[in-house]
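Undergrad: Requesting a structural model of the entry that follows:
(4 chains)
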Protein chains: 2
Amino acid sequence: MEPSHRNLAHQVVHELGKKIMEGTYKVGDSLPSEADLCTQFNISRTATREAVKMLTAKGLISSRPRQGIKVVDSKYWNLFDVDVLNWILLGKPDLYLLRHFLQLRLAIEPEAASLAAQFAQESDIENIEHALVRMKNATNGQDDTHEADIDFHKSVLCASNNPFFIQLNNFIETALKINIRFTNRLVAVTVEEYQAHVDIFELIKNKKPQEAFDAALVTQKATLAIVNKQIEVLEAETA
Amino acid sequence: MEPSHRNLAHQVVHELGKKIMEGTYKVGDSLPSEADLCTQFNISRTATREAVKMLTAKGLISSRPRQGIKVVDSKYWNLFDVDVLNWILLGKPDLYLLRHFLQLRLAIEPEAASLAAQFAQESDIENIEHALVRMKNATNGQDDTHEADIDFHKSVLCASNNPFFIQLNNFIETALKINIRFTNRLVAVTVEEYQAHVDIFELIKNKKPQEAFDAALVTQKATLAIVNKQIEVLEAETA
DNA sequence: CCCACCTTAATTGTATTATAAATAGTATTG
DNA sequence: CAATACTATTTATAATACAATTAAGGTGGG
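TA: Model prediction:
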């Protein structure tokens, strides 16, 4: 897609969105008034107001006469919005946030594999296969490890042929990126990881929903278990 | 929350959003130009542009000079946005859409029950219990059946203490409403349904994640199986 | 004839100014 | 002291002007 900073309003949305997600403006806080935002960003009220409206549409703020612009309760935030997810990524994700991501991945990805085994078209199978080729190349350093991995997970989601699962592409991608940040070894894909993906692919291709579900579940549970362990250690230390 | 039509821009967002989701404006179609929208709604360009920006923020449209305002590919739509979900509901949901909702519920709700069994606070337990009381009252016609049911599912989601699951409240609520529309019997909650909910509650309260997961899974699978069957029948008829 | 370049016109992007509406806080008045 | 009225602040809306972008068509050189 096009860059998100095509115009002034989008730039301001990006700046303010980042600041809200990183906690510069906290829930309940007031943002600067329209007039102040105009001077801060050196733009007209038109652009400022459009930015405010966009953040309102994403559920981050509300603006009312005399009351000003305020950050609303986080339960109203559109956490699955691609911009919001990117702002989360720009913040300082901690282990608890990573766990929250992994908990939802545990729910989503096995079922996505199951649906893919039931509803995948030929083109979907080809896309998964192509991602696997990239991963294999990545084991030899001929392709980007992380990108290939993200590609694989996305292609499975899309193969579910369910628009809601497909919409979670951005979520999964962000989850993987945060995961990468914590396991920050720039190693190539291990043979075991690659083989696990191949196994899931074969089960999808051969239309084995339950088996594909189970295979994906094992992977997700393993990842989540690691983080749960890390949090346990962390909490034992601080206690 | 406050009504979504507090101001002109919000009203226009609502009107256009509805038309996009119901297919009056299809993917790739051009919407009327800013100037035309101004005359159609009899409002200023300021208000029109703010509405356009809000729909852009929700991922439904894009607007560029000379090119105009266009409905973007549906894979970019923020399907988990509360407004978008309501517009979907206002359209004419079919069995396939219902199945898509149920497929995601199957992924989400059992895991939410599991997380609730692991992470629920006392207040969360109380909220679930309160929803159960409402359901019991509904069996006697003393409360609204559907509202009580929605309450229960929401309270479990919130008990997961995972912001991403909590954000899916709107999704689950919409799914239930669509389900109600198809099973349009205005009957009271059956004893079996109520008992199934009580069982899940007990398992959550007694911190049995796996058992809570399994219990919720049974319920979801049963519902999905019914719809799969209906679709099977439908496709047999049209073939 | 064809391709590269230029011009034009349509549409959104931005700025400015003015006024209206909503409302929190303060003052007034009975 | 309480109810009311006033005031000032902030967002909401409108109107106008001009800039920037770009699709489409026209123009000229080869």
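Undergrad: element containing residue A:63?
TA: According to DSSP states H and E, residue A:63 maps onto strand A:61-64.
Undergrad: domain ranges for chain A?
TA: As recorded under automatic domain parsing, the domains making up chain A are A:8-76, A:93-238.
Undergrad: for the longest helix belonging to chain A, the distance to its chain's centre please.
TA: If each helix of chain A is counted by residues according to DSSP state H, the longest one is helix A:209-238. Between the centre of helix A:209-238 and the centre of its chain there are 18 Å (C-alpha atoms, centre = their mean, to the nearest Å).
Undergrad: What ranges does chain A have for its helices?
TA: Using DSSP H, helices in chain A cover A:8-21, A:34-41, A:45-57, A:82-90, A:95-119, A:122-139, A:145-159, A:163-167, A:169-182, A:191-205, A:209-238.
Undergrad: give me the low-pLDDT residue ranges for chain A?
TA: Along chain A, the parts satisfying pLDDT under 70 run over A:1-4, A:184-189.
Undergrad: What residues does it have near DNA strand C?
TA: Residues of chain A lying close to DNA strand C by C-beta under 7 Å from any atom of the strand are A:6-9, A:42-47, A:50, A:64-67. C-beta coordinates here come from the backbone N, C-alpha and C atoms, glycine included.
Undergrad: so which pair among the residues you listed is furthest apart in space?
TA: Farthest pair in the residues of chain A next to DNA strand C (C-beta to C-beta) is A:6 and A:66. Separation: 32.7 Å.
Undergrad: In terms of neighbours, single out the busier of those two.
TA: Neighbours per residue, other C-beta atoms under 10 Å in any protein chain shown: of residue A:6 and residue A:66, the larger number sits with residue A:6, 11 against 4.
Undergrad: give me every residue that touches the more buried one.
TA: By C-beta atoms under 8 Å, 6 or more residues apart in numbering or on different chains, the contact set of residue A:6 is residue B:64.
Undergrad: before we move on, back to that, output the helices of chain A in JSON lines; the columns should cover distance to residue B:138 and mean neighbour count.
TA: Below are these laid out as JSON lines (distance: least, C-beta to C-beta, whole Å; neighbours: other C-beta atoms under 10 Å in any protein chain shown):
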{"stretch": "helix A:8-21", "distance to residue B:138": "40", "mean neighbour count": "21"}
{"stretch": "helix A:34-41", "distance to residue B:138": "47", "mean neighbour count": "15"}
{"stretch": "helix A:45-57", "distance to residue B:138": "35", "mean neighbour count": "23"}
{"stretch": "helix A:82-90", "distance to residue B:138": "36", "mean neighbour count": "19"}
{"stretch": "helix A:95-119", "distance to residue B:138": "28", "mean neighbour count": "23"}
{"stretch": "helix A:122-139", "distance to residue B:138": "43", "mean neighbour count": "16"}
{"stretch": "helix A:145-159", "distance to residue B:138": "37", "mean neighbour count": "22"}
{"stretch": "helix A:163-167", "distance to residue B:138": "28", "mean neighbour count": "20"}
{"stretch": "helix A:169-182", "distance to residue B:138": "34", "mean neighbour count": "19"}
{"stretch": "helix A:191-205", "distance to residue B:138": "42", "mean neighbour count": "18"}
{"stretch": "helix A:209-238", "distance to residue B:138": "34", "mean neighbour count": "15"}
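Undergrad: who wins for proximity to residue B:18 among those helices?
TA: Of all the helices of chain A, helix A:45-57 sits nearest to residue B:18, with 15.2 Å by C-beta to C-beta.
Undergrad: Which strands and helices lie in contact with the closest one?
TA: Contacts defined by 3 or more C-beta pairs under 8 Å, 6 or more residues apart in numbering or on different chains; DSSP states H and E place helix A:45-57 against helix A:8-21, helix A:34-41, strand A:61-64, helix B:45-57.
Undergrad: how much does the last one deviate in direction from helix B:82-90?
TA: Relative orientation of helix B:45-57 versus helix B:82-90 (axes from the mean of the first three to the mean of the last three C-alpha atoms, to 10 degrees): 80 degrees.
Undergrad: hmm, helix B:45-57 touching DNA strand D?
TA: Yes: interface with DNA strand D: helix B:45-57 contributes B:45, B:46, B:47, B:50 (C-beta under 7 Å from any atom of the strand).
Undergrad: isn't residue A:150 right next to residue A:176, touching?
TA: Yes: the pair residue A:150 and residue A:176 passes the contact test of C-beta atoms under 8 Å, sitting 5.3 Å apart.
Undergrad: now residue A:99, nearest residue through space, not along the chain?
TA: Leaving aside its chain neighbours, residue A:99 sits nearest to residue A:227 (5.2 Å; criterion: C-beta to C-beta, 6 or more residues apart in numbering or on different chains).
Undergrad: One more: residue A:18?
TA: Using C-beta to C-beta, 6+ apart, the closest residue to residue A:18 is residue A:87 (5.0 Å).
Undergrad: what's the distance between that neighbour and residue B:58?
TA: Distance of residue A:87 to residue B:58, computed by C-beta to C-beta, to the nearest Å: 16 Å.
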